[in-house]
Every structure is written in structure tokens, then in C-alpha cells.
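Asks: I would like to see how this sequence folds:
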Amino acid sequence: MSPGRCNGLQADFEGNSSEKEDSVMRGVTLNDLIVAALTQQPYHQQRLGLQAKRYCRAITSRFCADFPEDRHEEVCGQAFTELMALGPAALDRRSGLSLFRRAIFASIRIVRSDYAAPGRRTRRAGMTMPRPKIAAEDIGRFADGEAIERATVSDPNGAYLDFDAFESVAAADALKQCEDRVDAEWALRRAPPGIAKALRLIHLDDEPVAKAAAAIGMTRFDLYRHAQAFAASWAKAA
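Replies: Next up, the predicted model:
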């Protein structure tokens, strides 16, 4: 799935959202809800729970697919514990969504460690860690002072840099695609079955428009008209 196509699908369904004081709360993002929770502002708790669970599951399905169902839910609950422990001051340096994403990865390590077999090491020992390697795609990329400070690890023999602590551009792109795919699937579930199938083929499976239209028995022009009608109804509902 190419980022451009996934972003294109997302743009098709985004309308001019405005805040509404109803249970739907269209236009309120997961980041908005996390910020409100951390700053103790009013927010829709059920909406936060549903969006956070969907976002967390997208990550755990990708990075710990071996977990059983109840362990995925345990990661989500632990992530909220880790997130709320950060407090509102953490928002000065990162967005709410970024903090929650970091909390999820921390929770994955915690849950995996909790269920590890007795005597099994869950982390590599500091003295036996291999020398860090720099990825070829990161050569020529300059880290700012804050990133270096976060990656600096104290040691009795002197401080050193933990290169695994630097954010990976490739990993961030892959995660963004994963997030966009989750949002796209959520939107497509509200589309007519035929249109949803065609849009899924085009934007998520990178199939040609003509092939997607033929798969549901439409011409390209009919598919375009029906897709535009659905996008208009989505924008109106927002």
C-alpha cells in the first residue's frame, strides 16, 4: 500500500468537521481526547476508549502478533496506566498521540516480560550488548540536542549513545501507513458494500481503477459518481 493512495483515501472522506456536543463528537481526534484526559479537561470517555483500543490493536497486531486476544487487551490497559503516569507536563515535548504510542511500546515490553518463562532473559544485558550499528538510510541525518539527550545512557564507565533510542524514519512511515489503514477500514465499513470493495481494491491493494470497477460490475465513471456521492454524504454527516 503506497502512502499517497492511503492518504488520498483519507482525504476523500474528510469533511469540514466542527465540534458538536453530542455523543458522536465527529471531528475530535484521538490526540484531542488524550490531551483532554491528561490535562483533566472534559472528554468523551467511551470515545477515547474505543479509538485508543483500535489504535493500540493496530500496533500490537503488527509488532506482537503472537499474543493471544486477552494479552492485546492487557497491553491497551497497561498503556493507559503508563500514559496517565506521565502527567500533563509530558505534552510540552510531544503530542498526546506520540505519548500514547510510546506508552504502547513500553507496555508491550512489560506484558511480554510478565509472561516470559522463568529464568528467560527479556532484555539484553548492558555489558554484553553488541556495538550499535547505524542504518544506511540514517547516514547524513542530523539529530537535534533533545534526541541526543534522550538517547544518552549513563554507565559506570562513562556515558554512551543508545542508537536504538533514536526514532526511525522508516518505522514512523510504516506506523503512519498502519494508522491510515485502520482509519480507512473504519470509514469503508460505513460505505455501500460494492463501493467499499472497489475503494479497498484501489486505495489499500493498489489495484487499477478499471479493475476495481469491473470487480463490482461498474464502469469507471459510475464508480467515480458513486464514490463521490458517498464522500459527499460523509462530509455532510461530519
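Asks: hey, let's count contacts and neighbours off CA atoms from now on
Replies: Will do.
Asks: what separates the residue nearest in space to the middle of the chain from L30, distance-wise?
Replies: The centroid of the chain falls nearest to E179 when counting by Cα atoms, centre = their mean (4.0 Å). Separation of E179 from L30 (Cα to Cα, to the nearest Å): 11 Å.
Asks: follow-up on the earlier one: quick one: the residue nearest to the centre of the chain is in a strand?
Replies: No: assessed by DSSP: H, G, I helix; E, B strand; the rest coil, E179 does not belong to a strand; its assignment is helix.
Asks: mind checking pLDDT for it?
Replies: You'll see E179 listed with a pLDDT of 80.
Asks: pretty sure it contacts R54?
Replies: No: counting by Cα atoms under 8 Å, E179 stays clear of R54, with 9.5 Å between them.
Asks: dihedrals phi and psi, G158?
Replies: With angles defined as degrees, to the nearest 10, G158 sits at phi 130, psi 160.
Asks: please disregard the earlier target; I meant L161.
Replies: When read as degrees, to the nearest 10, the backbone of L161 gives phi -100, psi 130.
Asks: what about the nearest residue to it once chain neighbours are set aside, distance to A37?
Replies: Distances taken as Cα to Cα, 6 or more residues apart in numbering put T152 closest to L161, at 4.6 Å, once the chain neighbours are dropped. Here T152 is placed at a distance of 30 Å from A37 (Cα to Cα).
Asks: who has more neighbours, the two?
Replies: The neighbour comparison of T152 against A37 (other Cα atoms under 10 Å) goes to A37, with 20 against 15.
Asks: right, and that one touches Y43 too?
Replies: Yes: A37 lies in contact with Y43 (Cα under 8 Å); the separation is 6.8 Å.
Asks: so what sits against both of those two?
Replies: By Cα atoms under 8 Å, 6 or more residues apart in numbering, A37 and Y43 have no common neighbours.
Asks: residues of the helix or strand harbouring A210 that come out buried?
Replies: Following DSSP states H and E, one finds A210 within helix 209-215. Within helix 209-215, the residues scored as buried using 16 or more other Cα atoms under 10 Å are V209, K211, A212, A213.
Asks: for the protein, give me the ranges with low pLDDT.
Replies: Along the chain, the model assigns pLDDT under 70 to residues 1-27, 117-142, 155-156, 163, 166, 169, 237-238.
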